[in-house]
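Student: Provided below for reference: sequence and predicted model.
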Amino acid sequence: MLELLHDSVEKGQALGADFVESRYEDLTLRTLQRSDDTWKDIQVKSRMGFAITCYVEGVSGFSFTPSPEKKDVLEATERAYRMAKASVSAAKLKLPFDERQAVTSKPSDSLRPKIHPRDENIDFKTDLVNRCVEQAHEYGENIRNVKGLYGELYGKKMLVNGDGSEIDWDFLVADLRIIVTSRTEGGAMVLGYEGHGGTWGLEKYKTKGFTPEDMGREAGERATEQLEAKACPAGSFRALCEERLVGVLAHESFGHLSEADFVVAGGSPLTDKLGKRLGTEHATIIDGGVPDIEKYGGLWVPFDDQGTPSSMTTVLDEGVLKHYLHNRGTAKKLGQDPTGNARAVNFTFPPIPRMTNTYVAPGDLNEDEALELLDRGVYAIQTHGGQVTGDGSFLFKAIRGYWVEDGEIKYPIREVSLSGNILQLLGNVLGATEELQLFSGYFGGCGKGDQFPLPTGLGGPKVIIDDVTFGGESQ
Amino acid sequence: MDYDSIKDELLAAVDSALKYAKTLDPEAEFEVFVYFNNSMEAEIEQGVVTAKDGAIAGNTVRAAIGNRVGFACASGVTTDRVKMSAKEAHEIASSVKVEDDKFEGFCDPSEPGREGEFDERILELGTDDLIGACVSMTKDAKTVDERAKIFSASASASYGGYAIANTRGVLAATRFGDNNCSINVQAIKGEERRSAFSLDIARNRLFEIEGLGQDAAEKAVDLLGAKKLDYTGKMKTIWRPIPAAMYIQASLGQSALGRPVVEGISPLSDMMGDTIAHEALTIVDDGQKPESLGTKAIDHEGHGQMRNVIVEQGVLKGFLFDNYWARAFGVESTGNCTRGGGPIAGGTPYEYSVGVAVKHLMVSPGEQSQEDIIDSVDGKGLVIDGFPLGIFHTNVATGEFSVVANAVYLVENGELKGSVQPVSVSGDFYQGLKNIAAIGNDIEVLPWAIENPTLAFDDFTVVG
């Protein structure tokens, strides 16, 4: 396939493109989904295709084909070139970039887990889900439904570009999740959730806290606890946000604003803010494709889809904006180095600035000190996800939480929404705990425009934030 | 593939794949789905032009041995790719010792519906036309106000089709296509940034860009100068058609679907014939309205699409089903099978398992104009516009929702008072349907499988 990619790059160059990047992917996606006693989905997907971007005078054209025939790949190259050419006259803002030193991937760029999902049969995986579900039933009460999910995504990603780069690496993510729905006496439905995903082998699910038994028990117990939970009071309170929720805050509310395509267009409120203080000294936000997965978890992305090797980018450094997340064109335009953030959700899309692993850097508090600093407010845990608008307004749903007074947990609270504006919120970050955790997975994923779902990683320590708006029942 | 020949080509592909599948296992049931969508898109964001085109093509095969079901899909519609799926699906069904007790076979043949209208001039649109539309919309938006600063315009045209064959005798195909354009404008004043958008989408005519740029720019500028609401408590909220559409999609659009109904997760499960909403509310899912985007001859498993009443004058009249959930509930499919469904569906349906989704919800109009509804507010109320953040993160089971409305205007004693800063609105979806205070007569057809008017609700909790 590398040869075909070289042919495509040569064809684009011969037509007159200033730069060509040709990608190939051959990915396998497997989903297992059990709902109560029924298997809803046992699926395997094969996603194979070529994606070609041609650049003419800093303007790009993109095409793709699922066909591995040389004629079709070259035809797609020609279409990409023609579209770039047709767009040049309408483009008022062009994003040309310089050639860079060619990059060649090494075998060590791909993580090699002990038990690769490819090498285990389906019974091994259905067993993981079954054990989760059974354990959840053991520990849950008034259960209406238990869902267990397993997902894996792995395979080849290759790229050849006009620099002469030749990249060939293996993508991998595995994910196991459990969701328990219970019904309160009043008829309301409550949830207990647990899940772990990332670039790792299935040996991960044999370690403490990650076994199907540990996960099933956790989800069951939390659903049971939620039966007695109260609604969160509405209003503004100090919040202690748990690691996953912190990750979603870092990703959804801040990370997207730091994506340089929004910045170049002036659409991001972070435009022209480099070097400016946006948050307290406790607010440091990092994005990068090559974290210490062994230690923290997360997603392994050693190269982006333009062939730029990943780095770990400190976007916000102790409250001060230092860097944006770039593709090659935006980096050149804004005078920064490419960060390895040009990613495409699959071969039918061009790479655009996206996140890899986005997290808040840890602080120096232990758990007790964090609760003490919280004093009175909400300890908000886990999340269904969130949404943000271009001006930095956000809303996130915490799955559950606790009401805290005098630094002590008083009672569990139900699903609660947090909302506000990220730029104000960063100025209210009071501190963070010392342990970092990263989360990734097969299910969910990040959406930007039509490109959904892209696997990303996110996380952080626990973070204390003042003056967060909580929705919920009126007091 | 050309628009004219697409059905024949897809039918030939599913037919030959099905014949191959039968040779793998004459006793097993098979279903083959083949999808093709040729699309062209252009976008101009602050002068940066992005153009893209290509044909998404893929296939899905399901194999069933008794009630063990295997699913495999692959990009590509060539014979070897479809055969690969057939083999993999059969391998899953034969190797996995897990049974789906509710599975009673694939869809039986049924009468196909209408394909829907299509303006073939859409096929003639080229990259230049789409770029031209983006340039014009942006130009119009720029004339409105100097505070309108950031412009992002896009346009696209697509056509395609899909075909299904199964061992029960289904062999059918349908086509679709549309063209659309939209513009998003951000208005900036100091640190305040507010955005708004306008769009047009159609299958039975070419898109019309006139007025879109101005409209989006005016809406964005109008939102500037927002004051803090400074209020926590219950309040009347008036949801303009776009947020009202999201409300209906996130509530009834989810809870009336086969899966949550059969699983008992939907509170509507045992409420058929009960009054679940205000008596003026009627909601139909119409998979056959000629000009709506959801209209196709067949759904994603080959069942004819239909018109289905969900709520009539406040009374729950029907649920929406595909073949699987219909049989589990002891009824017939309503032609709502959808792969990768939902109001904001992905571009590769062949990668998704079958499920149930609305085709085109129609909320019947009321009698009052939006102005009349605003006029009738005693004391304070809010008008909500745009996408309420977090509305699809609501759980069908609980009905509890909490969203952040970003485009909000204060109403005082019937008078529109100007924009307020984002407020959080929370309550219970189901209670909300009963507490509808007014239904507007201002129907808007929206691209998210719905057309509906403004809806006003009493008693949601507002935190501003």
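Tutor: The structure has been received and is ready for your questions.
Student: how far does the helix or strand of chain B with the lowest mean pLDDT sit from the chain's center?
Tutor: The weakest-scoring helix or strand in chain B, judged by mean pLDDT, DSSP states H and E, is strand B:400-405 (a mean of 90). The chain centre lies 20 Å from the centre of strand B:400-405; the measure is CA atoms, centre = their mean, to the nearest Å.
Student: torsion angles phi and psi at residue A:28?
Tutor: Reported as degrees, to the nearest 10, the phi and psi values for residue A:28 are phi -110, psi 130.
Student: domains in the chain, by residue range?
Tutor: By default, I'm working from chain A. A:2-227, A:235-470 (automatic domain parsing).
Student: oops, I was thinking of chain B
Tutor: If you go by automatic domain parsing, chain B breaks into B:6-222, B:232-463.
Student: any chance of those in TSV, with distance to residue A:337 too?
Tutor: Quick note: C-beta positions are derived from backbone N, CA and C, even for glycine. Output for the domains of chain B, formatted as TSV (distance: least, CB to CB, whole Å):
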stretch	distance to residue A:337
domain B:6-222	20
domain B:232-463	33
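Student: for residue B:328, which non-adjacent residue is spatially closest?
Tutor: residue B:102 (4.4 Å; CB to CB, 6 or more residues apart in numbering or on different chains).
Student: on the three-state scheme, that neighbour is what?
Tutor: Counting by DSSP: H, G, I helix; E, B strand; the rest coil, the backbone at residue B:102 sits in coil.
Student: for residue A:422, see how far away residue A:269 is.
Tutor: Separation of residue A:269 from residue A:422 (CB to CB, to the nearest Å) stands at 9 Å.
Student: now the common contact residues for those two.
Tutor: By CB atoms under 8 Å, 6 or more residues apart in numbering or on different chains, residue A:269 and residue A:422 have these common neighbours: A:257, A:392.
Student: circling back: of the domains of chain A, which stretch is the most buried?
Tutor: Among the domains of chain A, the stretch with the highest mean neighbour count (mean count of other CB atoms under 10 Å in any protein chain shown) is domain A:235-470, at a mean of 22.
Student: got the end-to-end distance for that one?
Tutor: Its first and final residues considered, domain A:235-470 spans 5 Å by CA to CA, to the nearest Å.
Student: quick one: the strands in the stretch 151-300 of chain A?
Tutor: With DSSP state E, counting those that start in this stretch applied, the stretch 151-300 of chain A shows strands at A:166-183, A:189-198, A:235-241, A:285-288, listed in chain order.
Student: so which of those comes closest to chain B?
Tutor: strand A:189-198 (3.3 Å; CB to the nearest CB).
Student: can you tell me the strand partners of that closest one and which way each runs?
Tutor: For strand A:189-198, the paired strands and their directions (DSSP bridges) read strand A:166-183 (antiparallel).
Student: for the record, mean pLDDT for the partner strand?
Tutor: In this model, strand A:166-183 has a mean pLDDT of 97.
Student: and that strand, C-alpha only, in CSV?
Tutor: Provided in CSV are the C-alpha atoms of strand A:166-183 (Å, rounded to 0.1, in the frame of the first residue of the first chain):
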residue,chain,number,x,y,z
GLU,A,166,6.8,7.4,5.1
ILE,A,167,4.7,6.5,8.1
ASP,A,168,3.3,3.1,9.1
TRP,A,169,1.9,2.5,12.5
ASP,A,170,-0.8,0.5,14.4
PHE,A,171,-3.7,2.2,16.1
LEU,A,172,-5.2,0.5,19.1
VAL,A,173,-8.0,1.2,21.6
ALA,A,174,-9.9,-1.2,23.8
ASP,A,175,-12.9,-0.4,26.0
LEU,A,176,-15.1,-2.1,28.6
ARG,A,177,-18.2,-0.3,30.1
ILE,A,178,-21.1,-1.1,32.3
ILE,A,179,-24.3,0.9,32.9
VAL,A,180,-26.9,0.0,35.5
THR,A,181,-30.3,1.7,35.5
SER,A,182,-32.3,1.3,38.7
ARG,A,183,-35.8,2.6,39.6
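Student: how far away from the center of its chain is that strand?
Tutor: On CA atoms, centre = their mean, the centre of strand A:166-183 falls 11 Å from the chain's centre.
Student: again with stretch B:334-343
Tutor: Distance of stretch B:334-343 from the chain centroid (CA atoms, centre = their mean) equals 9 Å.
Student: so is that stretch next to chain A?
Tutor: No. Stretch B:334-343 does not reach chain A (CB under 8 Å from any CB of the partner chain); its nearest approach is 10.7 Å.
Student: what's near enough to touch residue B:189?
Tutor: B:147, B:224, B:225.
Student: hey, C-alpha coordinates of the helix or strand following the least confident helix or strand of chain B in PDB?
Tutor: Later in the chain than strand B:400-405, the nearest helix or strand by DSSP states H and E is strand B:407-412. Backbone C-alpha positions of strand B:407-412 (Å, rounded to 0.1, in the frame of the first residue of the first chain) are rendered in PDB as follows:
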ATOM      1  CA  ALA B 407     -29.700  32.700  22.900                       C
ATOM      2  CA  VAL B 408     -32.200  34.100  25.400                       C
ATOM      3  CA  TYR B 409     -34.400  37.100  25.500                       C
ATOM      4  CA  LEU B 410     -36.300  38.500  28.500                       C
ATOM      5  CA  VAL B 411     -40.000  39.100  28.200                       C
ATOM      6  CA  GLU B 412     -41.700  41.500  30.700                       C
END
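Student: strand B:407-412 - what's its average pLDDT?
Tutor: On average, strand B:407-412 scores 96.
Student: over to stretch A:425-441?
Tutor: 97.
Student: end to end, how far does that stretch reach?
Tutor: 27 Å.
Student: starting at the chain centroid, how far to stretch B:362-373?
Tutor: 22 Å.
Student: so is stretch A:409-429 next to chain B?
Tutor: Yes. For stretch A:409-429, a contact with chain B is found by CB under 8 Å from any CB, at A:414, A:415, A:416, A:417, A:419, A:421.
Student: wouldn't the last one be in contact with residue A:395 here?
Tutor: Okay, so that is residue A:421. No. Counting by CB atoms under 8 Å, residue A:421 does not reach residue A:395; the two are 10.8 Å apart.
Student: before we move on, back to that, wait, which of the domains of chain B is closest to residue A:367?
Tutor: domain B:232-463 (27.7 Å; CB to CB).
Student: how far does that closest one stretch from start to finish?
Tutor: By CA to CA, one end of domain B:232-463 lies 5 Å from the other end.
Student: could you write out the alpha-carbon coordinates of stretch B:48-59 in PDB?
Tutor: C-alpha atoms of stretch B:48-59 as PDB (Å, rounded to 0.1, in the frame of the first residue of the first chain):
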ATOM      1  CA  VAL B  48     -10.300  29.900   4.300                       C
ATOM      2  CA  VAL B  49     -11.900  27.700   1.600                       C
ATOM      3  CA  THR B  50     -12.200  23.900   2.100                       C
ATOM      4  CA  ALA B  51     -13.600  21.700  -0.600                       C
ATOM      5  CA  LYS B  52     -14.300  18.000  -0.500                       C
ATOM      6  CA  ASP B  53     -15.900  15.400  -2.600                       C
ATOM      7  CA  GLY B  54     -16.200  11.700  -2.800                       C
ATOM      8  CA  ALA B  55     -18.500   8.700  -2.800                       C
ATOM      9  CA  ILE B  56     -19.200   7.000   0.500                       C
ATOM     10  CA  ALA B  57     -19.900   3.400  -0.300                       C
ATOM     11  CA  GLY B  58     -20.200   0.500   2.000                       C
ATOM     12  CA  ASN B  59     -22.000  -2.700   2.800                       C
END
